[in-house]
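Q: kindly generate the corresponding structure for this input.
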Amino acid sequence: MAPLSATHHDDFLALLALTTSDSQPLAAAGNILTMPPQGPLNTHGPALCLTAQPRRSTHQSPVGALFASYPDWAAQHPLVQQRPHLTEILNRRALLVYGLAVAPQHRRKGIARALLAETEQRSRAVGYRMITLLHTPDLAPFYQHLGYTTARHITIAMPGSAMGLTQPLPYMTAVKPLVPTVRVRHLPNAPGPVVSALLPGWDLPAEARFENGRLIT
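A: The predicted structure follows:
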């Protein structure tokens, strides 16, 4: 697993085209690949771009690609728009994988798993606390096996409120804490799993619950 090299930009984009995501960051990937890194984790502009090469080869086209960047919800969610200062904070603590693809003839060889593991390791090393991604329901067992919690609705606990992330059909969200203090909890009456302590002070008491769709702490 290695950062994307300039000679493989077209191959990288071709692999990303195999994903089902139509997100804005992926649509802008071609331009992002021409940018210098913007942060300790990023390899190209605001994104982390990793590739997987065939075994015993450093010259062939990559057979796997991963594209990750700041979570779109860190800037677009209504709760964050009411508190703009949170965007920068969230961008340094949560990473969203927008695209993960492996060439069809190289699947079931552990390449996607290795790309995710490399991403998790790099993210953890620079202070990120959670990885998240979107996927279709058929991939839920794969991500669950790698330690991710998957659901159509994920809630992130915030001071005095809760940020709900609901995906349109058929997509689901997968989340994985990168540090022991971040927890994914199942609270009474919650619409789905709840992430607590994404940031210091964002933890929840043991008696936390949901009532009428609202987080009660």
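Q: got the domain ranges for this structure?
A: Per automatic domain parsing, the structural domains of the chain span 1-128, 150-217.
Q: which stretch among those comes nearest residue 140?
A: domain 150-217 (4.5 Å; C-beta to C-beta). Using the backbone N, CA and C atoms, a C-beta is placed for each residue, glycine as well.
Q: for the closest one, the distance to its chain's centre please.
A: Its chain's average C-alpha position is 15 Å from that of domain 150-217, according to C-alpha atoms, centre = their mean, to the nearest Å.
Q: rewinding a little: wait, which of the domains of the chain is closest to residue 142?
A: Evaluated with C-beta to C-beta, the domains of the chain place domain 1-128 nearest to residue 142, the distance being 7.7 Å.
Q: end to end, how far does that closest one reach?
A: 19 Å (C-alpha to C-alpha, to the nearest Å).
Q: repeat for stretch 156-164
A: 6 Å.
Q: same thing with stretch 162-172?
A: Distance across stretch 162-172, first residue to last, is 19 Å (C-alpha to C-alpha).
Q: contacts for that stretch?
A: Stretch 162-172 has contacts (C-beta atoms under 8 Å, 6 or more residues apart in numbering) with 73, 77, 79-80, 134-137, 140, 150-156, 173, 191, 194, 214-215.
Q: just the buried ones from those, in PyMOL syntax?
A: Selecting only the buried entries of the contacts of stretch 162-172 in PyMOL, with 16 or more other C-beta atoms under 10 Å as the criterion:
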select buried, resi 73+77+80+134+135+140+150+151+152+154+155+156+173+191+194+215
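Q: kindly format the C-alpha coordinates of the longest strand seen in the chain as CSV.
A: Counting residues, the longest strand in the chain under DSSP state E turns out to be strand 94-102. Only the C-alpha atoms of strand 94-102 are listed here, as CSV (Å, rounded to 0.1, in the frame of the first residue of the first chain):
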residue,chain,number,x,y,z
ALA,A,94,-13.1,12.0,11.6
LEU,A,95,-12.2,10.7,8.1
LEU,A,96,-14.7,9.6,5.5
VAL,A,97,-13.7,7.1,2.9
TYR,A,98,-15.5,8.2,-0.3
GLY,A,99,-14.1,5.5,-2.6
LEU,A,100,-12.6,2.1,-2.2
ALA,A,101,-12.2,-0.1,-5.3
VAL,A,102,-10.4,-3.2,-6.4
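Q: now it: buried residues?
A: Within strand 94-102, the residues that count as buried by 16+ other C-beta under 10 Å are 94-102.
Q: what's it packed up against?
A: helix 9-16, helix 24-27, strand 64-69, helix 111-125, strand 130-135 (3 or more C-beta pairs under 8 Å, 6 or more residues apart in numbering; DSSP states H and E).
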